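J.: For reference, the sequence and a predicted model appear below.
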Amino acid sequence: MFSEDATEKMAILASIIDSSADAIISKNMDGIITSWNRASEQMFGYSESEAVGKHISLIIPVDRLSEEEMIISKLRKGERIEHFETIRVTKTGKELVISLSISPIRNSLGKIIGASKIARDITKQKEAEELQAQYVHRLELLNATGKTLSAELDVNGILQKTTDATTQLCGAAFGSFFYNKTDSKGESYMLYTLSGAPREAFEKFGMPRNTAVFDITFSGHGILRSDDITKDHRYGKNSPHKGMPHGHLPVVSYLAVPVISQTGIVIGGLFFGHPKPGMFKEEHEILVEAIASQAGIALENAKLYQEIQSLNAKKDEFIGFTSHELKTPLTTVTGYLQLIEQSPEIASQVLPKMSRQISRLSAIISDLLDISKIQAGKFELNLTRVSLGTLVKESIESAKSLSADHEIQFELPTENLILKIDSTKMTQVVVNIFSNAIKYSPANKKILLTAERFGDEVTISIRDWGIGVAKEDLDKIFHQFYRVTKNGNKTQGLGLGLYLCKEFVEAHHGKIWAESETGEGTVIRILLPIEVIKEP
């Protein structure tokens, strides 16, 4: 029999065990549970009667049964196990992260007859630690991605790094970045990068189209997140497919974030998928949107860099053109002077040729000075009232020296149309267009100028029947330094004439454009406001 004092101590110990917030379990060396306190019932869901007499594997996951052999081995050696973190399972199948402290139980002779286990549920603590570690990792990834994107100037590099980073951040099984791009011909096409899936998985189904699901992203209306996109009312309306096409990536969870430039233009979209439902949360939207914003800035920087590279290339090309165009007449004039020195009697024959070369030099220098003024914002017009007829006739007279073979005809309205223009500049515009018509119509010698009044405006059209201009080049012919070089055509000039025409016409609040077909000739039209209309 126990003494009264011993009985009291046992009662106190039992009370402590029963009131403990930690699960306290005892077992024998065969792993059979011999005691099970109230906290064990609450933690694991088994009542005392359900647990006592059962093997401890009752709460051990199958993949961790080997741990019990390790514990028993240490206990037989009389070793304690302190704060051993592991996984145990409840009656409902829920897994708990617990911290185990295990001590051997000895009998009065000191023989180890069992073990006492104290299990503390640290699931929430571990979840908080993992969440904190996840946040730290995501912040580090956001920071690293931001630094990487800010230093990247290659579009493809930006797309791939953004796709990889965001796919990792949101835990997607696969991600993609579709980016609208305009090529040198002004045609729009789509670049894309993938993460977590081969390109073949996308290529056989074509690019995303502006369907009801994709429209939200490509129109920049906002972020679309779905726990199961196959149940979305907009899904499956993409003819000829009804629902998910056979062989398509198994997208159930869906997240799409538009990539928008600083000017508010949608330049692409990030798309993520996962075969399981409910994988994307609000926090993923925030993280991806943050990187999408950085990607938008990086893509704009890359575009600006490409434009600077293009301008530098044009600058180098311009220097080469200018050097050649200035050197050619100078060399010719120098040669003529040497001829005159050797044979003074040919001066009368050579001087007109020298004069033409000097005029050519003067025209090049004048064009360069005009461009310099335009780009410096110092270009000014000397406006006077001039009749349309006077402008046309003076321009034709000035153009006669350009070619002795070409014939310039004109048809004007019978009414006297008055324009408020800088006569010198507008004459230069018309002569420049005549010059181009002559250059690019070596076979057909006819050039026709017509004018037609539309309300308070007049349209001047100058037509030739030459080699024409391809449709993809029509807009470019008004760019600096651009010259049509196709069809074996080789012409002199810096490619500044039509650029200056555009600048001069627009300075008069007018418009200029070209219409052409290859082999059918070209029409350049000038639209100008009418200042005064007088009856004849």
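T.: Done, it's in. Just so it is clear, the model here is predicted, and its values are computed rather than measured. Numbers count the residues shown, from 1 in each chain.
J.: Report all helices and strands that the longest strand seen in the chain contacts.
T.: Among the segments of the chain that qualify as a strand by DSSP state E, the longest is strand 95-106. When contacts are defined as 3 or more C-beta pairs under 8 Å, 6 or more residues apart in numbering; DSSP states H and E, strand 95-106 sits against helix 66-76, strand 81-89, strand 112-121, helix 123-151. The way it works is simple: take the backbone N, C-alpha and C, and place the C-beta from them, glycine included.
J.: quick one: buried residues of it?
T.: Neighbour-count burial for strand 95-106 flags 96-105 (criterion: 16 or more other C-beta atoms under 10 Å).
J.: which residues touch E68?
T.: 31, 56-57, 60 (C-beta atoms under 8 Å, 6 or more residues apart in numbering).
J.: and the gap between it and T163?
T.: According to C-beta to C-beta, to the nearest Å, E68 stands 46 Å off from T163.
J.: next one: L304
T.: For L304, the distance to T163 equals 22 Å [C-beta to C-beta].
J.: Have a look at these two and say which one is more surrounded.
T.: T163 (26 against 11; other C-beta atoms under 10 Å).
J.: did I read that right, the more buried one in a strand?
T.: No. Assessed with DSSP: H, G, I helix; E, B strand; the rest coil, T163 is helix; it does not lie in a strand.
J.: does it really touch S195, like I thought?
T.: Yes. The pair T163 / S195 is scored as a contact, 4.6 Å apart, by C-beta atoms under 8 Å.
J.: can you list the helices and strands packed on strand 95-106 in JSON lines and add distance to H284 and mean pLDDT?
T.: Shown next, in JSON lines, are these (distance: least, C-beta to C-beta, whole Å; pLDDT from 0 to 100):
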{"stretch": "helix 66-76", "distance to H284": "35", "mean pLDDT": "86"}
{"stretch": "strand 81-89", "distance to H284": "26", "mean pLDDT": "90"}
{"stretch": "strand 112-121", "distance to H284": "28", "mean pLDDT": "89"}
{"stretch": "helix 123-151", "distance to H284": "10", "mean pLDDT": "75"}
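J.: Minimum distance to A292: which of those has it?
T.: Comparing the helices and strands packed on strand 95-106 against A292 with C-beta to C-beta, the closest turns out to be helix 123-151 (10.6 Å).
J.: show me where the chain has helices.
T.: Here the chain has its helices, by DSSP state H, at 4-19, 38-44, 48-51, 66-76, 123-151, 155-170, 200-203, 212-218, 282-342, 347-376, 388-399, 423-439, 497-507.
J.: among the ones you listed, which is nearest V523?
T.: helix 423-439 (9.7 Å).
J.: Flag every buried residue along the closest one.
T.: Judged by neighbour count (16+ other C-beta under 10 Å), helix 423-439 contains these buried residues: 423, 425-439.
J.: which residues sit against that helix?
T.: By C-beta under 8 Å, 6+ apart, helix 423-439 touches 381-382, 384, 386, 391-392, 394-396, 398-399, 402-403, 406, 408, 419, 447, 449, 460, 462-464, 466, 491, 493, 497-498, 500-501, 504-505, 507-508, 512, 522, 524, 526.
J.: Might one say that R120 is in contact with A39?
T.: No. Using C-beta under 8 Å, R120 is not in contact with A39, being 9.5 Å away.
J.: between those two, which one's more packed in?
T.: With neighbours defined as other C-beta under 10 Å, R120 and A39 compare such that A39 has more, 21 against 18.
J.: Not counting its neighbours along the chain, what's nearest the more buried one?
T.: A23 (4.8 Å; C-beta to C-beta, 6 or more residues apart in numbering).
J.: contacting residues for F44?
T.: Counting by C-beta under 8 Å, 6+ apart, F44 makes contact with 23, 51, 59, 88, 90-91, 96.
J.: related to what we said a few turns ago, check the helices and strands packed on strand 95-106 for me and report the most buried one.
T.: The highest average neighbour count among these, using mean count of other C-beta atoms under 10 Å, belongs to strand 112-121 at a mean of 19.
J.: follow-up on the earlier one: need the overlap of contacts for T163 and S195.
T.: Common contact partners of T163 and S195 (C-beta under 8 Å, 6+ apart): 175-176.
J.: about what we covered before: touching, the residue nearest to A39 and N37? I think so.
T.: Yes. Using C-beta under 8 Å, A23 makes contact with N37 at a distance of 6.6 Å.
J.: the more surrounded of those two?
T.: Remark: of A23 and N37, A23 carries more neighbours, 24 against 21, as counted by other C-beta under 10 Å.
J.: Please report how far that one lies from N107.
T.: When distance is defined by C-beta to C-beta, A23 is 24 Å away from N107.
J.: Give me the buried subset of the contacts of helix 423-439.
T.: Among the contacts of helix 423-439, those classed as buried by 16+ other C-beta under 10 Å are 386, 391-392, 394-396, 399, 403, 406, 408, 419, 447, 449, 460, 462-464, 466, 493, 497-498, 500-501, 504-505, 508, 512, 522, 524, 526.
J.: Quick check: L159 vs I433, distance?
T.: L159 sits 43 Å away from I433, taking C-beta to C-beta as the criterion.
J.: no, scratch that, I was asking about E283
T.: Distance, E283 to I433, using C-beta to C-beta: 62 Å.
J.: M426 too?
T.: 11 Å.
J.: Enumerate the positions of stretch 26-33 that are buried.
T.: Buried, per 16+ other C-beta under 10 Å, within stretch 26-33: 26-27, 31, 33.
J.: again with stretch 170-177
T.: 170, 172-177.
J.: Same check on stretch 507-520?
T.: Buried residues in stretch 507-520, counted by 16+ other C-beta under 10 Å: 508, 510, 512, 514-516.
J.: can you list these in a markdown table and add pLDDT?
T.: Formatted as a markdown table, the buried residues of stretch 507-520 follow (pLDDT from 0 to 100):
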| residue | pLDDT |
| --- | --- |
| H508 | 90 |
| G510 | 92 |
| I512 | 92 |
| A514 | 90 |
| E515 | 91 |
| S516 | 89 |
